[in-house]
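S.K.: okay, sequence plus prediction incoming.
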Amino acid sequence: MDATVKVKTHATLASEVNDVLLRACAEGGRLYPHGLKVQVFKGPDPYGRSRFTVTIPPDAPVRTKYDAAFLSVLVPMDAMGQRAYLGEVHASTVELAPLHSDWALFNSLDDPRPQPPHPMMDEGGDKIRRFSFPQRRDELLEWVDAFCGAA
């Protein structure tokens, strides 16, 4: 195993991502203009998943036009980037998934909702985005910025 890889649990990684998003959404942060509300990550849910949500304001153009109400942020247990070595977890992948106001995952052209499809959802077939963290932290923030700014 690479000596530079540090043991990082799913909860530790979720906490780090949560801190970055909280700072980015605070006054003066990169995502502040979108008015996003980041749920504070307090630990894994009852099913052991390390996840939290980001709420998009009801009057945000991306919400009114595309019904984009939430971003689900999850450290998946089965991602390729998560490694186990000698029984220890080395989590390094985080998923972002846009959700509608009814908590349904975004679809593209086959979505029965009356709203037009979000332009970023027509790129490829995968509606869940994965990012290595912290290596692709800036790309994650750019994606959230572009998603919320598309209206």
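M.R.: Thanks, I have the structure now. Numbering: from 1, shown residues only.
S.K.: let's test this: name the helix or strand in this protein with the lowest mean pLDDT.
M.R.: strand 83-85 (a mean of 60; mean pLDDT, DSSP states H and E).
S.K.: for residue 134, helix, strand, or coil?
M.R.: Residue 134 carries the three-state label coil when classified by DSSP: H, G, I helix; E, B strand; the rest coil.
S.K.: burial measure for it, as a count.
M.R.: Using other C-beta atoms under 10 Å, residue 134 has 14 other residues around it. The way it works is simple: take the backbone N, C-alpha and C, and place the C-beta from them, glycine included.
S.K.: per-residue pLDDT of it, please?
M.R.: Per-residue confidence for residue 134 comes out at a pLDDT of 91.
S.K.: next one: residue 68
M.R.: With respect to pLDDT, residue 68 has a value of 91.
S.K.: that one pairs with what?
M.R.: Beta-bridge pairing for residue 68 (DSSP bridges): residue 100.
S.K.: any idea how far it lies from residue 52?
M.R.: Distance, residue 68 to residue 52, by C-beta to C-beta, to the nearest Å: 17 Å.
S.K.: same question, residue 41
M.R.: Distance from residue 41 to residue 52, by C-beta to C-beta: 4 Å.
S.K.: intersection of neighbour lists for those two?
M.R.: The overlap between the contact sets of residue 41 and residue 52 (C-beta atoms under 8 Å, 6 or more residues apart in numbering) consists of 14, 18.
S.K.: tell me the mean pLDDT over stretch 92-110?
M.R.: Averaged over stretch 92-110, pLDDT sits at 82.
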